[in-house]
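Trainee: make a model of this:
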Amino acid sequence: QIVSEILRLNEDPNVHGLALDLPESLCSSKVLNTVKPEKDVDGLSSVNVGRLVHGDVPDCLVSPTACAVMELLEDLGGKTVVLVGADGAVGAALQSMLQRKGAVVVSCQWKAPQLQNELRHADVVVFGSMKPDDVPVSGIKPETTIISCYHNLPSDKYSVGQQNNPAAENTVSSLAIAMRMQNMVKTMEQWIQSRQYRKWDLHCLKLQPLSPVPSDIEISRAQTPKAVDVLAKEIGLLTDEIEIYGRTKAKVRLSLLERLKDQPDGKYVLVAGITPTPLGEGKSTVTLGLVQALTAHLNINSFACLRQPSQGPTFGVKGGAAGGGYAQVIPMEEFNLHLTGDIHAITAANNLLAAAIDARILHESTQSDKSLYNRLVPVVNGMRAFSPIQLARLRRLGINKTDPETLTEEEASKFARLDIDPSTITWQRVVDTNDRFLRKITVGQANTEKGFVRQAQFDIAVASEIMAILALSTSLQDMKERLGKIVVANDKKGEPVTAEDLGVTGALAVLMKDAIKPTLMQSLEGTPVFVHAGPFANIAHGSSSVLADKIALKLVGEKGFVVTEAGFGADIGMEKFFNIKCRASGLVPSVVVLVATVRALKMHGGGPSVTAGAPLKKEYTEENLQLVADGCCNLQKQIQITQLFGVPVVVALNVFKTDSPAEVDLVCKIAKESGAFDAVPCNHWSAGGRGAVKLAQAVEKAANQKNNFKFLYNMELPIAEKIRIIAQKVYGAQDIELSPAAQSQVDRYTQLGFGNLPICMAKTHLSLSHQPEKKGVPTGFILPISNVRASIGAGFIYPLVGTMSTMPGLPTRPCFYDIDLDPITEQVKGLF
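Mentor: Below is the predicted model:
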């Protein structure tokens, strides 16, 4: 019981020191060493005594009794001190401290044969325990100093005396009490110091790149990651700020933001790209290569903040998203699969809300006002009471009553009935699997649902508005408020119905309480990585969480770097990052890294189409400077888009072995001439952080440039005007064209007070225009807006440009054909 209580107090962050007032029979070595050394104000643990003996005095807590004895003794150089019956931690501490003062120390037990002889020659005698009755003490010189500090309790309740000096009674005892208080002050000072920002003590992992480069999973498995608690300590996280999941993952608590609130932020870097092609550009790889270069090779604190990948693409066609080659997150199979369960939490919360909608419609359609009210506010133990969320609904309805018995029939009906119009339901169920047959379904076909049948659909989990809310929330309270604002449908009067109206907000927050904490992992070179949130980059903003960025910016320190990534090309992901995420977070980016490849630029220059799995055509494997030059128009356009926001841009050119030096030089030359601060070829995929050192140096220099960051549009502008600004300035459209349905929704959202929200364009990522086959830089087109929807909880309006699938399908040959598990080693095979 004592050990259990000590263990509990060890882990209590509000307890900074622990003293043991126990009978001597219970003060076993096991009990004394259970106390955490940093809380051991009696200095009796083996760790504290060992540190003292080895001379690490500033790092240890010393026995108050030993300190009290030392306070009473002066000028010990060359004197002989005999310790009698001073065993255990106190005796060891005394012996060490006396020797450090130059004394000759002799330690004797009470019944040692040589005791009387040692006492005759002693200059100082310290009795560490009570003298047995049958042991005589004689021959001590008159001038010898005698100190008695024997005790019955380890709490330093001592019988004390000093020869020929009655006034010295209780001197050791009083001093010991003061010394213990001094230890308590020391533990508090150490605790306060531990809460301050600490310089990193990061030990990076060594890389030995092979050629040819093995598969991603082979590279990941060849590296042994650090234990996550070791990584956490290296970057200044406290033990009570992490929740460990296995050996290589940990959740980080948001309390860190309060602890480091006065710590200046580091530099904020966004990795974006040119318009994507099937050939891939490698933004995640650049993100990881850049932080590996900054920290492992330039000794600059840096953090990567990445989105959590959906399992749909992992088992579908795209594969994983942990980076690649020698620039990736490890273990990559844990990164790409369940991680810490955040997406499952989002799925549970999303589907609870969906179930609440259909259940409410059913119950309202089959019950009278009175029956409905009585079930919503039942009698429990003879009393009826509204829950807090019901009281909040009453206040929104203008009913200022708290007693359920006092509502009129009209008020009870108004409270109980949401009158949801089934045809207006926009909230769908989700699952984290690519399943095309869930794109349109029918629900309510069982007899128990009494004929309430309607068409619905499933979206992939990362398309849920709750995912976007997670990514944009700045605190647990902010997330809870956003969840309550989710609009799921309209009532039959056309008014919005929210999650708060359904009474489910608190339950959603409970399901999401752990998901809001970022997950700490590491790169191949042992540098820290946050993995958190993974919203779609089409119907949502496509960036990792605000909270991960905020925590990382505090941890890296003022001269450190946080590198995060925006989905798709700069025209979509970066624009949303700035106009949506930066508005929510209040953070200002320092640099944009724009990723390109020679192969992708060739496609934008008119190169032939690419088929997945088929060999690349010669245009992509042989030097073709004209094709590269023609395709650089897309790179130039993306640089111009970045300049609209006033942020310096560095171009990172991912180099492939088929790229010729002339092609690489041409891209870098055009990029610099087009306004890029610098353009740097990168080889981190094959060489790790060493292959991105020049990129890191360029980013560091660019971060010191003058930053004139600005948003693209004013929030107070009309919805249609904000859409037009994005279409014309970012995409290069001539104008926009709203369909009658889109115009109706714009008018409705404006009337409801949602007109001052930012815009999140939902359009193809494969072209600057609305036509995916149009590569390069299309011009003169009219951007058609087919519909306009709102994610009120997340806090943006999303216009639909054409149709937008929110549930991917599986191809003829999905990735799962190659994924397997070794039943002996339990190792995952085939992920990429």
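Trainee: ok, now how distant is the closest residue to Asp491 other than its chain neighbours from Pro811?
Mentor: Setting aside the residues directly before and after it, Asp491 is nearest to Asp419 in space (C-beta to C-beta, 6 or more residues apart in numbering), at 4.5 Å. No exception for glycine: its C-beta is placed from N, CA and C like everyone else's. Using C-beta to C-beta, to the nearest Å, Asp419 is found at 44 Å from Pro811.
Trainee: then Thr611?
Mentor: Using C-beta to C-beta, one gets 12 Å for the distance from Thr611 to Pro811.
Trainee: kindly report the same for Glu449.
Mentor: When distance is defined by C-beta to C-beta, Glu449 is 35 Å away from Pro811.
Trainee: how many residues are close by Pro212?
Mentor: Under the neighbour criterion other C-beta atoms under 10 Å, Pro212 is assigned a count of 6.
Trainee: average pLDDT for stretch 561-572?
Mentor: Predicted confidence along stretch 561-572 averages 95 (mean pLDDT).
Trainee: kindly check the end-to-end length of that stretch for me.
Mentor: Counting by C-alpha to C-alpha, to the nearest Å, you get 24 Å between the two ends of stretch 561-572.
Trainee: again, but for stretch 818-827
Mentor: In stretch 818-827, first residue to last residue: 14 Å (C-alpha to C-alpha).
Trainee: pull out the buried residues from it.
Mentor: Neighbour-count burial for stretch 818-827, with 16 or more other C-beta atoms under 10 Å as criterion, is recorded at Ile819.
Trainee: give me the contact list for it.
Mentor: Contacts of stretch 818-827 from elsewhere in the structure, counted by C-beta atoms under 8 Å, 6 or more residues apart in numbering, are Arg221, Phe315, Val828, Lys829, Gly830, Leu831, Phe832.
Trainee: any idea how far that stretch is from the middle of the chain?
Mentor: 29 Å (C-alpha atoms, centre = their mean, to the nearest Å).
Trainee: what about Arg628, distance to Val650?
Mentor: Heads up, residue 628 is Val, not Arg. Using C-beta to C-beta, which is the criterion applied here, Val628 is 19 Å from Val650.
Trainee: now the residue nearest to Asp491: phi and psi?
Mentor: In this entry, Asp419 is assigned phi and psi values of phi 50, psi 50 (degrees, to the nearest 10).
Trainee: count the residues that sit near it.
Mentor: Neighbours of Asp419 under the rule other C-beta under 10 Å: 15.
Trainee: isn't it right next to Ser365, touching?
Mentor: No. Applying C-beta atoms under 8 Å, one finds Asp419 not in contact with Ser365, separated by 10.0 Å.
Trainee: what two of the contacts of stretch 818-827 are the furthest from one another?
Mentor: Every pair in these was compared (C-beta to C-beta); the two farthest apart turn out to be Arg221 and Phe315, at 19.6 Å.
Trainee: quick one: which of the two has more around it?
Mentor: Using other C-beta under 10 Å, the more surrounded residue of Arg221 and Phe315 is Phe315, with 21 against 17.
Trainee: ok, the more buried one - contacts?
Mentor: Residues in contact with Phe315 (C-beta under 8 Å, 6+ apart) are Thr433, Asn434, Leu810, Pro814, Cys815, Phe816, Ile819.
Trainee: can you tell me how far it is from Ile819?
Mentor: For Phe315, the distance to Ile819 equals 7 Å [C-beta to C-beta].
Trainee: also Arg395?
Mentor: Look at Arg395 and Ile819: by C-beta to C-beta, they are 52 Å apart.
Trainee: next: Asp133.
Mentor: According to C-beta to C-beta, Asp133 and Ile819 sit 79 Å apart.
Trainee: ok, now Pro378?
Mentor: Per C-beta to C-beta, Pro378 is found 49 Å from Ile819.
Trainee: could you do Asn117 as well?
Mentor: Counting by C-beta to C-beta - Asn117 and Ile819 are separated by 80 Å.
Trainee: surely Ile192 is within a helix?
Mentor: Yes. With the criterion set as DSSP: H, G, I helix; E, B strand; the rest coil, the secondary structure at Ile192 is a helix.
Trainee: do a quick rundown of the helices in the stretch 401-550 of the chain.
Mentor: Per DSSP state H, counting those that start in this stretch, the stretch 401-550 of the chain carries helices over the ranges 409-416, 465-472, 476-485, 505-512, 546-556.
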